[in-house]
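K.L.:
structure of the sequence below:
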Amino acid sequence: MSGTDLSRLCVHTITTKPLSIEEAAVAYNGEGISGITVWRDALAGRDIRATGRMLRDEGLEIVSLCRGGFFPHAASAGRAEAVEDNLRAIAEAAALGAPLLVLVCGAAAGLPLETSRKQILDGIAAIEPAARAAGVQLAIEPLHPMYADTRSAINTLAQANDMAEALNSPWVGVAVDVYHLWWDPMLEQEIMRCGRNGHLLAFHICDWRVPTRDLLLDRGLMGEGCIPVRQIREWVEAAGFKGFHEVEIFSTEYWAGNQQQFLQKIKQAYLHHS
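P.N.:
Okay, here's the model as predicted:
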């Protein structure tokens, strides 16, 4: 990305975690940011429909809602509750006016990964009719293998593509997050595969700091690490993706600082390193 075009820049509310969603809306609009992805915690205690109207009144396009998922459990009651929570998330996305729900699929440490993956497949199949009825797509987001213990048994884009193809629904696709997938030697091929199948629904960007001080809470701005963000963006666009580039950064360092200044850094990093 170069120049001054921010028309496809989206920021996740978790990226500016210290801001309330109302503060984030005003700040994003003030910086010329066009899109917002809302995390469910930001909606706590609020009228979700009214919040959606507020975001649109601030000139923001609501890109997606994060997050659903976490399907695997050793006990059937846990799996049933996960399905119920995902049905609630679909209803929240519809009320907000978000066209997409991102799924962090989960894993159960006491189960074989293959069992967790089967439970994820079954869980998504169980909620797909509600997503279709609500007009909300579901994006399977593969996570880095370091999270295979409890956060996700879907760890490569190939696995996510396999699952989306097995589910065979226009309401189910994948999310490509550079933080989780940059290391994969099959990444370009798998991006093209999900593009061909119409399954590429979301694109998340940040950077992998060297050295990384915390495997969850030390993501960097684009250009601060070793991820070839621009190259991956080019692959995503070559695969036909025309949606937003979503900045998703978990960082205790950045959360501790001035969020307005952070947004300005995000804009510059986006324009020069993505």
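
K.L.:
shouldn't D122 be in contact with P72?
P.N.:
No - counting by CB atoms under 8 Å, D122 stays clear of P72, with 9.6 Å between them. All C-beta atoms are positioned from the backbone trio N, CA, C, and that covers glycine.

K.L.:
more crowded one of those two?
P.N.:
Higher neighbour count among D122 and P72: P72, with 27 against 13, using other CB atoms under 10 Å.

K.L.:
please name the residues that touch G59.
P.N.:
G59 makes contact with 29, 34, according to CB atoms under 8 Å, 6 or more residues apart in numbering.

K.L.:
at 6 Å what do you get?
P.N.:
G59 makes contact with N29, according to CB atoms under 6 Å, 6 or more residues apart in numbering.

K.L.:
now it, what's its secondary structure?
P.N.:
Of the three states, G59 takes coil according to DSSP: H, G, I helix; E, B strand; the rest coil.

K.L.:
measure it to P211 for me?
P.N.:
39 Å (CB to CB, to the nearest Å).

K.L.:
which residue is the nearest non-sequential neighbour of I266?
P.N.:
Nearest non-adjacent residue to I266, counting by CB to CB, 6 or more residues apart in numbering: V247, 5.5 Å away.

K.L.:
swap in R132?
P.N.:
W171 (4.8 Å).

K.L.:
give the contact list for the one you found.
P.N.:
Counting by CB under 6 Å, 6+ apart, W171 makes contact with 128, 131-132, 137.

K.L.:
can you say which of those residues are buried?
P.N.:
Listed as buried from those are 128, 131-132, 137; burial here means 16 or more other CB atoms under 10 Å.

K.L.:
quick one: contacts for V174?
P.N.:
Residues in contact with V174 (CB under 6 Å, 6+ apart) are 140, 160, 164, 194, 199.

K.L.:
how about the strands in the chain?
P.N.:
9-12, 35-39, 61-69, 100-104, 137-140, 172-177, 200-205, 207-208, 219-220, 245-247 (DSSP state E).

K.L.:
CSV for the ones you listed, including mean pLDDT?
P.N.:
Conversion of the strands of the chain to CSV gives the following (pLDDT from 0 to 100):
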stretch, mean pLDDT
strand 9-12, 98
strand 35-39, 98
strand 61-69, 98
strand 100-104, 99
strand 137-140, 99
strand 172-177, 98
strand 200-205, 98
strand 207-208, 98
strand 219-220, 98
strand 245-247, 98
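
K.L.:
make a markdown table out of the ones you listed and add distance to M146.
P.N.:
Converted to a markdown table, the strands of the chain look like this (distance: least, CB to CB, whole Å):
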| stretch | distance to M146 |
| --- | --- |
| strand 9-12 | 20 |
| strand 35-39 | 21 |
| strand 61-69 | 17 |
| strand 100-104 | 14 |
| strand 137-140 | 18 |
| strand 172-177 | 13 |
| strand 200-205 | 17 |
| strand 207-208 | 11 |
| strand 219-220 | 13 |
| strand 245-247 | 21 |
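
K.L.:
so which of those strands is nearest L111?
P.N.:
L111 sits nearest to strand 61-69 of all the strands of the chain, at 15.4 Å, using CB to CB.

K.L.:
what does that closest one contact?
P.N.:
10, 35, 37-39, 55, 86, 89, 93, 97-98, 100-106, 244.

K.L.:
in helices only, show me the contacts of V174.
P.N.:
Taking DSSP state H as the definition of helices, the contacts of V174 contribute 160, 164, 194.

K.L.:
hang on, the earlier thing: now for the residue nearest to I266, how many residues are close by?
P.N.:
26.

K.L.:
tell me the spacing between it and T37.
P.N.:
When V247 is compared with T37 (using CB to CB), they lie 9 Å apart.

K.L.:
G59 now?
P.N.:
16 Å.

K.L.:
report the contact partners of A131.
P.N.:
A131 makes contact with 90, 138, 171, according to CB under 6 Å, 6+ apart.
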